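[1] quick one, structure for this:
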Amino acid sequence: MFYLYILYSKTRDKYYVGSTADLEDRLRTHDSNHSGFTGHTGDWVIVYKELFENREESYARERAIKKWKSRKLIEKLISSDCS
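    I've put the predicted structure just below:
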């Protein structure tokens, strides 16, 4: 199983969209002290996730959301989550 996920950092007041097979391990990586968009913050939390059968589907959904380039649409998606 693969996940599309959205993280939020209160420190940066930013969202991050990604996909992975191991959600918990990926979150640990994002929260580690590394170079890159999510590095040096350490307060990322999962605010949304979707489950997919394969990597291609989760990655396609990730790309679709990133193409939105809209914080408002991301927040609407998160607020509509029933989980």
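[2] can you give me the strands in this structure?
    With DSSP state E as the definition, the chain shows strands at residue ranges 2-9, 14-20, 44-52.
[3] what lines up beside the shortest one in the sheet?
    Sheet pairing for strand 14-20, assigned by DSSP bridges, gives strand 2-9 (antiparallel).
[4] the partner strand to strand 44-52, inter-axis angle?
    In terms of direction (axes from the mean of the first three to the mean of the last three Cα atoms, to 10 degrees), strand 2-9 departs from strand 44-52 by 160 degrees.
[5] number of residues surrounding the residue nearest to residue 34 when sequence neighbours are not counted?
    In space, and not counting its chain neighbours, residue 34 is closest to residue 40: 7.8 Å by Cβ to Cβ, 6 or more residues apart in numbering. Just so you know, the C-beta spots here come from the backbone N, C-alpha and C atoms, and that holds for glycine as well. Residues contacting residue 40 under the criterion other Cβ atoms under 10 Å number 12.
[6] hmm, residue 40 is touching residue 33, no?
    Yes - between residue 40 and residue 33 a contact is recorded at 6.1 Å, counting by Cβ atoms under 8 Å.
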